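**Student:** The following comprises the amino acid sequence and a computationally predicted model.
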Amino acid sequence: MSTEPADEKPGETGETGETGETRQARFERGLETLTRVSGAGGRRVIDSLADVNPELAHQIVSWGFGEIYSRPALPPRDRQLVTLGMLTALGGCEPQLEVHVNAALNVGLTPEEIVEALLHSSGYVGFPRALNATAVAKKVFEERGLLPVQQE
């Protein structure tokens with residue numbers, strides 16, 4: 001898959017940023033991180049942009065995963081907890097929330113931890129957004145054979 005813009009100027013993939021890293025190297029690092037964390041779900045999101053906005057796909061991979069997500073200060077499971085909370089708070093992000101609930105499971109969060117995080121969010125973002133996020137999580141858990149979820 002190439003998400004390089006079709007009308008890219010010659011040499012653009014070789015341009016270097018502040019770190020001296022090429023655009024392509026950032027993309028490759030981001031793609032490796034995206035694949036490790038999100039698996040096929042993340043890849044489907046990127047592929048779905050190929051014919052409409054390949055530059056957005058490139059930036060999600062290069063910047064979102066190659067620059068931000070791959071930073072060492074937070075482990076992937078902590079990053080996913082933050083992401084679940086943020087997407088729940090934003091509301092209207094159910095497709096992205098589905099990808100990230102799957103990613104949270106992929107990086108070691110349990111269904112119980114995910115449900116607890118969504119319950120915790122209800123006090124800050126309100127019941128409607130927590131309910132919507134929980135419905136997305138339930139769909140993912142059902143698809144992965146993880147229901148019922150146990151709670152204390």
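**Tutor:** On my side now, so go ahead.

**Student:** ok now the helix ranked longest in the chain, how far from the chain's centre?
**Tutor:** In the chain, with assignment by DSSP state H, the single longest helix is helix 23-48. Helix 23-48 has its average C-alpha position 10 Å from the chain's average C-alpha position, going by CA atoms, centre = their mean, to the nearest Å.

**Student:** Restricting to C-alpha, output the very next helix or strand once past it in PDB.
**Tutor:** Next helix or strand after helix 23-48 toward the C-terminus (DSSP states H and E): helix 54-59. These are the backbone C-alpha positions of helix 54-59, laid out as PDB (Å, rounded to 0.1, in the frame of the first residue of the first chain):
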ATOM      1  CA  PRO A  54      -4.100   9.800   0.800                       C
ATOM      2  CA  GLU A  55      -2.300  12.700   2.400                       C
ATOM      3  CA  LEU A  56      -4.500  12.400   5.500                       C
ATOM      4  CA  ALA A  57      -3.700   8.700   5.600                       C
ATOM      5  CA  HIS A  58       0.000   9.600   5.300                       C
ATOM      6  CA  GLN A  59      -0.200  12.100   8.200                       C
END
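
**Student:** Any idea which residue is closest to the centre of this structure?
**Tutor:** Nearest residue to the geometric centre of the chain (CA atoms, centre = their mean): residue 100, 4.9 Å.

**Student:** Buried ones in whichever strand or helix holds that residue, by neighbour count?
**Tutor:** Per DSSP H and E, residue 100 falls inside helix 94-106. Across helix 94-106, burial judged by 16 or more other CB atoms under 10 Å covers 97, 98, 99, 100, 101, 102, 103, 104, 105, 106. (Glycine included, C-beta is placed from N, CA and C.)
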